[in-house]
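S.K.: Below is the structure, and that's it, no one-letter string:
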């Protein structure tokens, strides 16, 4: 329910990051993956959201490759975008 956008509950990157982290840490990997995909679709210019998609358990190899390319595109001066 916290993820459903509304007038008093607008979408934002921090909310996605927090919820994805909590879901992943509490072994709700399917939900973490679902919201990570939703997050990057909502804000494809967010380095942090692509980073979370890259690192979560349920991301496919194709999703990881896409996330890696987006992170490199968004932070071209970072020599290793996979560093946590």
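M.R.: In hand now; what should we look at? The model shown is predicted, which means the values in this text are computed figures rather than measured ones.

S.K.: where does the protein dip in pLDDT?
M.R.: Scanning the chain for pLDDT under 70 picks out the ranges 1-3, 5-9, 84.

S.K.: Please, where are all the strands along it?
M.R.: Counting by DSSP state E, the chain has no strands to list.

S.K.: quick one: the helices in it?
M.R.: Using DSSP state H, the helices of the chain run over residues 13-25, 29-42, 47-55, 61-74.

S.K.: With mean neighbour count and distance to residue 83 added, can I get the ones you listed in JSON lines?
M.R.: Bear in mind the C-beta positions are built from the backbone N, C-alpha and C, glycine included. Listed next are these as JSON lines, based on neighbours: other Cβ atoms under 10 Å; distance: least, Cβ to Cβ, whole Å:
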{"stretch": "helix 13-25", "mean neighbour count": "16", "distance to residue 83": "17"}
{"stretch": "helix 29-42", "mean neighbour count": "18", "distance to residue 83": "19"}
{"stretch": "helix 47-55", "mean neighbour count": "21", "distance to residue 83": "10"}
{"stretch": "helix 61-74", "mean neighbour count": "15", "distance to residue 83": "11"}
